[in-house]
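In: One predicted model, sequence on top.
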Amino acid sequence: MAAVALANGLNANLVRRWVVTEERAQPGTSIEAANVSAAATVEHNSSFIPIALDSSPAATPRSITIELRRGAMVAKVDWPLAAAPECSAWLRELLR
């Protein structure tokens, strides 16, 4: 649950609270026990909607794209997905 929250820029405690609220609203079902690959939240009614992710090779990104903006300058970097740890280290240094 924490990984899903982090990947979507959300607080893990907030996501957990949404799950608990949804489980209480639907007795007899457990979102955690369900085999749901991902969930999205709709802001206007805070409902969880299961979504299917396309895991075909064509849907898998081959690179990491980072776009940095500073004033009028825009820098776009494409990094090979196979070198994700190096990209993470580079970005960490850049943001220091």
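Out: Received the coordinates, thanks.

In: can I see the domain layout of this protein?
Out: Using automatic domain parsing, the domain ranges for the chain come out as 2-50, 61-94.

In: Show the end-to-end separation of the longest one, please.
Out: In this case it means domain 2-50. 17 Å (CA to CA, to the nearest Å).

In: what is the mean pLDDT for that domain?
Out: On average, the pLDDT along domain 2-50 is 68.

In: now the domains of the chain in JSON lines, with mean neighbour count?
Out: Placement of C-beta: from N, CA and C, glycine included. Listed next are the domains of the chain as JSON lines, based on neighbours: other CB atoms under 10 Å:
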{"stretch": "domain 2-50", "mean neighbour count": "12"}
{"stretch": "domain 61-94", "mean neighbour count": "11"}
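
In: Tell me the secondary structure at residue 87.
Out: At residue 87 the chain is in helix, as set by DSSP: H, G, I helix; E, B strand; the rest coil.

In: the helices in this structure, which residues?
Out: When assigned using DSSP state H, the helices of the chain occupy the ranges 2-7, 12-25, 84-94.

In: for the longest one, packing partners?
Out: The reference is to helix 12-25. Using 3 or more CB pairs under 8 Å, 6 or more residues apart in numbering; DSSP states H and E, the elements in contact with helix 12-25 are helix 2-7, strand 47-50.
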